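Trainee: A structural model of the following input is requested.
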Amino acid sequence: MTTTDAVVIGSGPNGLVAANLLVDAGWSVVVLEEQETPGGAVRSDDSVAPGFVHDTFSSFYPLAAASATIRGLRLEEHGLEWVQAPSVLGHSFPDGRWGVLHRDRAATAAGLDEQAPGDGDSWLALCATWDRVGEDLVRCLLSPFPPLRGGAGFGRQVLRPGGLELVRELLMPARSLTEKLFRGEAARMLVAGNSAHADIGLEAPGSAAMGLLLALLGQTVGFPVPRGGAGELTAALVRRLRSRGGELCLGERAESVRVHDGRAVAVRTASRELSASRAVLADVSAPALYGGLVPWDELPARLRRRMGRFEWDPSTVKVDWALDGPVPWEGAPSPAPGTVHVADSLDALSLYGGQVAAGLVPEQPFLLVGQMGVSDPTRVPRGHEALWAYTHVPQRVRGDAGAGRPGLPEVRGTWDAADLEAMAERIEQRLESRAPGFRDRITARRVLGPRELESRNGNLVGGAINGGTAGLHQQLVFRPVAGSGRPETPVRGLYLASASAHPGGGVHGACGANAARAALWHHRTQLPWRTR
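Mentor: Here you go, the predicted model:
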């Protein structure tokens, strides 16, 4: 039997952040990872085409740039280098117009004002508000619940003139807020498109918060990427962990957590048992932990009932391409954005979200697009592009909103090879309409559907990428179930460290950091005669 202070299950960013914080506190730590490559949803490879580095899952990391936890690890000392595209984000419209989020807020405002006079001033006013409250708000969002430190700072700002109005705006539907603040579609879609990164409908309360958060982080810290690929962020976390004595075991799947007298005491794999004298931290989805790694007979009956109401976020289909030249966007903005959103209008974005919520595969999917050669030229041969696009589809498909449309193969929701080909065709048609000649530049392609995503990372159940819905009914004290909101579990010494815990999805490390800090606090407060 192997004995260690803590076992961390899963080497995604949350698991690796947690492990690093524990070794910093002097604990011995073993991280178990079932895949042969660490990183969870933060990985990259060259399997699409030789010489092209594609990120397997996530790519852009504004939340990492804003996270005090990630900054505090000083990963730059372990080989991480952040780089930025010439501009942050572009929204492509059908007529060749663009809304562009530039690195310079004045340039963003000037571009928005050209399309709708007055929108530039409204944008600068938003930025000024963010300057005042943004740091406290991010700290509040990423802290354990209740967020005492960040909440105190944010609360002081709320008491100032205009503060309560800001809170009201964050809680508003994204559609209502953008129509209130801006006259033009360009400015509205810069915020609403970012809202659509999560699975909260534009008409749902709270959807404005996600849009404002990502848009204003983009304006202040940008959408940075690790030079050389997303896997370099993981590599820096692993190097830091190992330099401090932590151990990472690849290709070793945790099969169960052994519980004795209500306390997690060990983790079993197929070949051994690892005794955890202080804590077990699980960077796995809540359904994989409760009733999975820990059997239901070790858990309260009320938790089982509540987990029956746990809701996943939608599935995802992602396509990667190797191109022999840049994307030939119509009306291409300069400087070029690293991230591109493709949606026709607010109405079209609302329709897309409504179709996904109703279980329909969207006829005109909203696309999130990453131009990785634009963002980091080291990833591609000179003059080429490593491009990806993804879109959300229902977890359970009830129908296809595009069925019967000429030239559009039907998607049945089985996500077999035929479905993936049909969905890739739909995505490529969307891109070709915005960038005539795009398809002529494709030299290689990879399509990852819900099955492929889950097989590469067991936390992405059914292609869900956020560890559960971001809807208000499953956030804060309701994440992952009502009465939660913190990393502690009903089993002593066992902590939920994944995106299923507060504050949810995104590469910010907060879920892992919150779990590690909770484990350290509970260990310090044990009775003095308790030994290791």
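Trainee: when you work out contacts or count neighbours from here on, use the C-alpha atoms and nothing else.
Mentor: Noted.
Trainee: shaky segments in the protein?
Mentor: 146-166, 527-532 (pLDDT under 70).
Trainee: show me how far the longest helix seen in it is from its chain's centre.
Mentor: Criterion DSSP state H: the longest helix present in the chain is helix 119-142. From the chain centre to the centre of helix 119-142 is a distance of 21 Å (CA atoms, centre = their mean, to the nearest Å).
Trainee: which strands and helices sit next to that helix?
Mentor: Applying 3 or more CA pairs under 8 Å, 6 or more residues apart in numbering; DSSP states H and E, one finds that helix 119-142 contacts helix 105-115, helix 148-158, helix 207-220.
Trainee: let's see it as PDB, backbone CA atoms only.
Mentor: Provided in PDB are the C-alpha atoms of helix 119-142 (Å, rounded to 0.1, in the frame of the first residue of the first chain):
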ATOM      1  CA  ASP A 119     -22.300  53.100 -28.300                       C
ATOM      2  CA  GLY A 120     -18.700  54.100 -27.900                       C
ATOM      3  CA  ASP A 121     -19.500  56.200 -24.900                       C
ATOM      4  CA  SER A 122     -21.600  53.500 -23.500                       C
ATOM      5  CA  TRP A 123     -18.800  51.000 -23.900                       C
ATOM      6  CA  LEU A 124     -16.300  53.300 -22.200                       C
ATOM      7  CA  ALA A 125     -18.700  53.800 -19.300                       C
ATOM      8  CA  LEU A 126     -18.900  50.000 -18.900                       C
ATOM      9  CA  CYS A 127     -15.100  49.800 -18.800                       C
ATOM     10  CA  ALA A 128     -15.000  52.600 -16.200                       C
ATOM     11  CA  THR A 129     -17.400  50.600 -14.000                       C
ATOM     12  CA  TRP A 130     -15.300  47.500 -14.400                       C
ATOM     13  CA  ASP A 131     -12.200  49.400 -13.400                       C
ATOM     14  CA  ARG A 132     -14.000  50.200 -10.100                       C
ATOM     15  CA  VAL A 133     -15.500  46.800  -9.300                       C
ATOM     16  CA  GLY A 134     -14.000  44.200 -11.600                       C
ATOM     17  CA  GLU A 135     -11.200  43.000  -9.400                       C
ATOM     18  CA  ASP A 136     -13.400  42.600  -6.400                       C
ATOM     19  CA  LEU A 137     -16.200  41.000  -8.500                       C
ATOM     20  CA  VAL A 138     -13.800  38.400  -9.900                       C
ATOM     21  CA  ARG A 139     -12.400  37.700  -6.400                       C
ATOM     22  CA  CYS A 140     -16.000  37.300  -5.200                       C
ATOM     23  CA  LEU A 141     -16.900  34.900  -8.000                       C
ATOM     24  CA  LEU A 142     -13.900  32.700  -7.600                       C
END
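Trainee: and the angle from it to helix 105-115?
Mentor: 130 degrees (axes from the mean of the first three to the mean of the last three CA atoms, to 10 degrees).
Trainee: what are the buried residues along helix 119-142?
Mentor: Of all the residues in helix 119-142, those buried under the rule 16 or more other CA atoms under 10 Å are 119-124, 127, 129-130, 133-142.
Trainee: quick one: the helices in the stretch 201-350 of the chain, in order.
Mentor: All helices of the stretch 201-350 of the chain, identified by DSSP state H, counting those that start in this stretch, fall at 207-220, 231-243, 286-289, 301-307, 346-357.
Trainee: as PDB, could you dump the C-alpha coordinates of the longest one?
Mentor: It refers to helix 207-220. Output of helix 207-220 as PDB, limited to C-alpha atoms (Å, rounded to 0.1, in the frame of the first residue of the first chain):
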ATOM      1  CA  SER A 207     -27.200  35.600 -18.500                       C
ATOM      2  CA  ALA A 208     -25.900  39.200 -18.600                       C
ATOM      3  CA  ALA A 209     -23.300  38.400 -15.900                       C
ATOM      4  CA  MET A 210     -21.500  35.900 -18.100                       C
ATOM      5  CA  GLY A 211     -21.500  38.200 -21.100                       C
ATOM      6  CA  LEU A 212     -20.300  41.200 -19.200                       C
ATOM      7  CA  LEU A 213     -17.600  39.200 -17.300                       C
ATOM      8  CA  LEU A 214     -16.000  37.700 -20.500                       C
ATOM      9  CA  ALA A 215     -16.400  40.900 -22.600                       C
ATOM     10  CA  LEU A 216     -14.800  43.100 -19.900                       C
ATOM     11  CA  LEU A 217     -12.100  40.600 -19.100                       C
ATOM     12  CA  GLY A 218     -11.400  40.600 -22.800                       C
ATOM     13  CA  GLN A 219     -11.100  44.300 -22.700                       C
ATOM     14  CA  THR A 220      -8.800  44.400 -19.700                       C
END
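Trainee: what's it packed up against?
Mentor: Judged by 3+ CA pairs under 8 Å, 6+ apart, helix 207-220 is in contact with helix 62-66, strand 87-92, helix 119-142, helix 163-171, helix 174-181, helix 185-195.
Trainee: which one of the ones you listed lies closest to V257?
Mentor: Taking CA to CA, helix 119-142 is the member of the helices and strands packed on helix 207-220 nearest to V257, at 27.3 Å.
Trainee: that closest one versus helix 174-181: what angle between them?
Mentor: 140 degrees.
Trainee: touching, T269 and G251? I think so.
Mentor: No - applying CA atoms under 8 Å, one finds T269 not in contact with G251, separated by 10.4 Å.
Trainee: list the residues that contact V42.
Mentor: V42 makes contact with 12-13, 55-59, 230-231, 233-234 under the criterion CA atoms under 8 Å, 6 or more residues apart in numbering.
Trainee: rewinding a little: among the helices of the stretch 201-350 of the chain, which is nearest I70?
Mentor: That would be helix 231-243 among the helices of the stretch 201-350 of the chain, by CA to CA, at 9.6 Å.
Trainee: for the closest one, packing partners?
Mentor: helix 13-24, strand 247-250.
Trainee: switch the helices and strands packed on helix 207-220 over to CSV; also include distance to L281.
Mentor: Supplementary listing: these in CSV, determined by distance: least, CA to CA, whole Å:
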stretch, distance to L281
helix 62-66, 21
strand 87-92, 35
helix 119-142, 18
helix 163-171, 32
helix 174-181, 35
helix 185-195, 31
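Trainee: domain-wise, how is this structure divided?
Mentor: Domain ranges of the chain: 2-34+251-309+466-524, 44-58+83-103+314-464, 105-221, per automatic domain parsing.
Trainee: okay, these in a markdown table with distance to R244 next?
Mentor: As requested, the domains of the chain are exported to a markdown table (distance: least, CA to CA, whole Å):
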| stretch | distance to R244 |
| --- | --- |
| domain 2-34+251-309+466-524 | 6 |
| domain 44-58+83-103+314-464 | 25 |
| domain 105-221 | 25 |
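Trainee: of all those domains, which lies closest to T69?
Mentor: Closest among the domains of the chain, using CA to CA: domain 2-34+251-309+466-524, at 6.8 Å.
Trainee: distance from the chain centre to that closest one, please.
Mentor: On the basis of CA atoms, centre = their mean, domain 2-34+251-309+466-524 sits 19 Å off its chain's mean C-alpha point.
Trainee: before we move on, the earlier item: please identify the most buried of the helices and strands packed on helix 231-243.
Mentor: helix 13-24 (a mean of 27; mean count of other CA atoms under 10 Å).
Trainee: and it, what does it pack against?
Mentor: Checking 3+ CA pairs under 8 Å, 6+ apart, helix 13-24 ends up next to strand 2-9, strand 29-33, helix 231-243, strand 273-282, helix 510-524.
Trainee: same thing but 10 Å
Mentor: strand 2-9, strand 29-33, helix 68-72, helix 231-243, strand 247-250, strand 273-282, helix 510-524 (3 or more CA pairs under 10 Å, 6 or more residues apart in numbering; DSSP states H and E).
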